[in-house]
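[1] show me how the following folds:
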Amino acid sequence: LVQLAARLHEGDDFVGYELEKLERRLRPEGVTLQHLAHQEHNRQAAAQVSVANIITSMRLLSTLDWRDFFESVSRVDRVLREEDPANAYGKMDFATRDSYRHHIERIAKRTRTDEMKVARQAIEFAAANPSTDERRRHVGFYLHIEEGLAMLEHSVNCSRNLRERVECLLHRRPPAFYLTAIAALTIFFLIVIVFAVLKTPDISSLALVFTVLLAVIPASELAITLVNRLVNGVLKPLLLPKMDLKNGIPEKARTVVVVPTLLTDKATIAELCGNLEVYWLANRDTQLFFALLGDLPDADGETMPTDAELCETARQTIAQLNRKYEVRETSPRFHFFTRRREWNAGEGKWICTERKRGNLHEFNQLLRGKTDTNFALNETINFEFLKTIRYVITLDADTQLPCDTARKLIGTIEHPLNRPVFDEKVGRVTEGYAILQPRIEISLTSSLQTTFARIFSAGKGFDPYTTAVSDVYQDLFAEGSFVGKGLYDVDAFEAALDRRIPENKLLSHDLFEGLYARVALLTDVALYDDYPSNYESYAKRNHRWTRGDWQIARWLLPFVPNADGRIVRNHLPLIARWKILDNLRRSLLAPILLLWLSVAWTLTIISPLAAAIFAVIVLTAPLYLHVATASIPAAETGRWKNFLIYFSNLRDDVKTIVTQMFFRFAFLAHEAALVTDAILRIIYRKFISKKRLLEWETAAQSERLSGQSLSGYFSLM
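    Numbers count the residues shown, from 1 in each chain. Modelled structure (predicted):
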């Protein structure tokens, strides 16, 4: 009937005959065409109402926050929110609360126990701790920290699967596993090299020992690369719990974002103040403030004719920002601080004490009410306001602070499990974190500005400094490495480094500070940095970092000097000393590889072809390991597009890595000479001349002074 009605609507002349035929067929059953039409009309009307209801319901569902709905009906969430002894559970962000509930769900499912019983057991463990132990009084200690989680699982007889047992074993003694695995693989590679060398006729024992010694560092590089890949494959990323600060930063967590830099010219000052304005627009909060810590450049006198003009330009620009974004709080939103120069015999010039490290150290003292610093103070400074600052976010001049990143950092360190616990016996932070180091990414504009930046900023592991070292340290040891950009707790930071560093001795202070103050790598929070635009700037940066790394080599020893010059016991743990040693080892890789190839190609100790293959294997490890560990998408019927995208991405990655490898080989000789120069310079300056230990220039200065002509590169290399 529906089909005939459609044909009738289209003007079909034969529809009347077929309607009569249909009516005759229906007459014996007592059904009329009018009755059928009425039924069809009712069916279509009901369908229209149903579809309308469905669409209305879908619109309603899309407006509902299912996270809030789930937590409103979850009994486990209610009991954790109401009975957490630390009263922190309800103030955390959803992801952290959800991770807690997942652990309860997993344990209850494994033991076939009610989830409420597991939750109450965790609450009982937390309540049994004294009120002064904030970390263990939080229920999350037994639902997130491995030590507490193991206690909770044991109390309800929960057994772990194989993967979880392996993870537990790794976390129980991480230094023993990590360093033993590296040593075992290094020895294995050395044994293979020994067998290759023994094939050379009439090889002497001295030549054999010399060859093995040359191969130690390249073999260790290959071993570390393999172990790091293994750990990353076995362990899940360790994400820190966070508090939810979507309603604003609390007053007790008042924070200042600072940029320690050199005031070189008016254009630089305008750019830096513009960056502060961008930071504020992307991270608006009443408890967030911004400061430019501008040191004056090195000079032959205590003051220079341009000093007053530069400082006045900075003050006026900051005052203009405060007028533009006027606030009613007790202090302006933006601040400017500058320091006086002091004579430095080692540098032979008037400089601002201890450069960037001294800038931050004296600023921390200023925040705690000390007025005898080198900062040029005036009567407008509100010292009572400065004393209320609890956290500092320090950034470099070329660092970008993305939207709401400051709030994420503060929300992380405000969590009870992350707050620093300072141990006075060993003089360092032993639990929680005094420093939060976000993941460092390369800004899009700087990565595309030159061919060199496009090639090397696509980092696949060749530049450990820029990528904030490996995630292995955070995932395996629950602490990362500080690279100078991030958030720190003022009181814990100063307590950990109090009278710790000898004056005018350390250029590279970031790693050193992280070893004592304990740093967490936040892989889910990112800052963006500029990448060097040319090889000369890149090489100068590596030269400066190498000098800094070798200056703290003394802290590998059992006894070290303090700020007073006295020799004291070194309380750094094993993994902290390994980080120092690993930086020294990495800096020696290029010179040793060049020497290895030179010996193989000039002497008859080992086959030149075998030596070259070994060098290629060491330098190309990121390539074949990336290909071997790249995850293949799951096979789905008719979804060949997934495989095409996968292979296309893999091809692009391989192309990038191969290009990087080519230039790595091309730069090998110059890099080896550069590193050797840096090491010899620092040895001479540290033990003979005692001068120029703090030689340093900013990234912007390095970029300006770097030539990009062919003759410039010829002169450099």
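[2] could you check how many residues crowd around Ser204?
    10 (other Cβ atoms under 10 Å). Where you see a C-beta, it was placed from the backbone N, CA and C, and this is true even at glycine.
[3] apologies, that question was intended for Ala666.
    12.
[4] any idea how far Tyr713 is from it?
    For Ala666, the distance to Tyr713 equals 11 Å [Cβ to Cβ, to the nearest Å].
[5] and Thr180, by the same measure?
    44 Å.
[6] just give me the neighbour total for the residue nearest to Ala458 when sequence neighbours are not counted.
    What sits nearest to Ala458 in space, not counting adjacent residues and going by Cβ to Cβ, 6 or more residues apart in numbering, is Thr656, at 4.6 Å. Thr656 has 19 neighbours, counted by other Cβ under 10 Å.
[7] do you know the pLDDT at Thr656?
    Looking at Thr656, its pLDDT reads 82.
[8] could you do Val49 as well?
    For Val49, the pLDDT comes out at 88.
[9] now it: which helix or strand?
    Val49 belongs to helix 33-63 when assigned by DSSP states H and E.
[10] okay, how far is it across stretch 351-358, tip to tip?
    11 Å (Cα to Cα, to the nearest Å).
[11] one step back: against which helices or strands is the helix holding Val49 packed?
    Counting contacts by 3 or more Cβ pairs under 8 Å, 6 or more residues apart in numbering; DSSP states H and E, helix 33-63 is packed against helix 15-26.
[12] returning to that earlier point: run the angle between the helix holding Val49 and helix 15-26 for me.
    100 degrees (axes from the mean of the first three to the mean of the last three Cα atoms, to 10 degrees).
[13] ok now helix 33-63, how far from the chain's centre?
    Centre-to-centre, helix 33-63 and its host chain are 54 Å apart (Cα atoms, centre = their mean, to the nearest Å).
[14] longest strand in the chain, by residue count?
    Counting by DSSP state E, the longest strand found in the chain is strand 519-529.
[15] what comes up buried for the next helix or strand after that one?
    Next along the chain after strand 519-529, taking DSSP H and E as the criterion, comes helix 535-551. Using 16 or more other Cβ atoms under 10 Å as the burial criterion, the residues of helix 535-551 that qualify are 535-551.
[16] contact partners of helix 535-551?
    Outside helix 535-551, the residues that touch it by Cβ atoms under 8 Å, 6 or more residues apart in numbering are 452, 456, 465, 505-509, 511, 532, 580, 583-584, 587, 667, 670-671, 674-675, 677-679, 681-683, 686, 693, 695-697, 699, 702-703, 706-708, 712-713, 716.
[17] 7 Å instead?
    Under the contact criterion Cβ atoms under 7 Å, 6 or more residues apart in numbering, helix 535-551 has outside partners 452, 465, 505-508, 532, 583-584, 587, 674-675, 678-679, 681-682, 686, 693, 696, 702-703, 706-707, 712, 716.
[18] same question for stretch 272-285.
    Counting by Cβ under 7 Å, 6+ apart, 248-249, 257, 259, 261, 290, 292, 317-318, 321, 325, 333-334, 397, 401-407 sit against stretch 272-285.
[19] go again using 6 Å as the cut-off
    248-249, 257, 290, 292, 317, 321, 334, 397, 401, 403, 406 (Cβ atoms under 6 Å, 6 or more residues apart in numbering).
[20] cross the residues you listed against helices and list the overlap.
    317, 321, 406 (DSSP state H).
[21] for Pro218, helix, strand, or coil?
    helix (DSSP: H, G, I helix; E, B strand; the rest coil).
[22] show me which of the contacts of stretch 272-285 are buried.
    249, 257, 290, 292, 317, 321, 334, 397, 401, 406.
[23] just these: which has the poorest pLDDT?
    Out of the buried ones among the contacts of stretch 272-285, that is Ala397, at 91.
[24] so that residue touches Thr261, yeah?
    Yes: with contact defined as Cβ atoms under 6 Å, Ala397 counts as touching Thr261 (4.6 Å).
[25] for this structure, which residues score under the pLDDT cut-off?
    1, 5, 8-9, 11-14, 328-330, 379, 459-470, 626-643, 707 (pLDDT under 70).
[26] the most centrally placed residue in it - nearest residue in space that isn't next to it in sequence?
    For the chain, Arg439 is the residue whose C-alpha lies nearest the centre (Cα atoms, centre = their mean; 2.1 Å). Nearest residue to Arg439, sequence neighbours excluded (Cβ to Cβ, 6+ apart): Ala526, at 4.7 Å.
[27] that neighbour and Tyr473, how far apart?
    18 Å.
[28] noted, bye for now.
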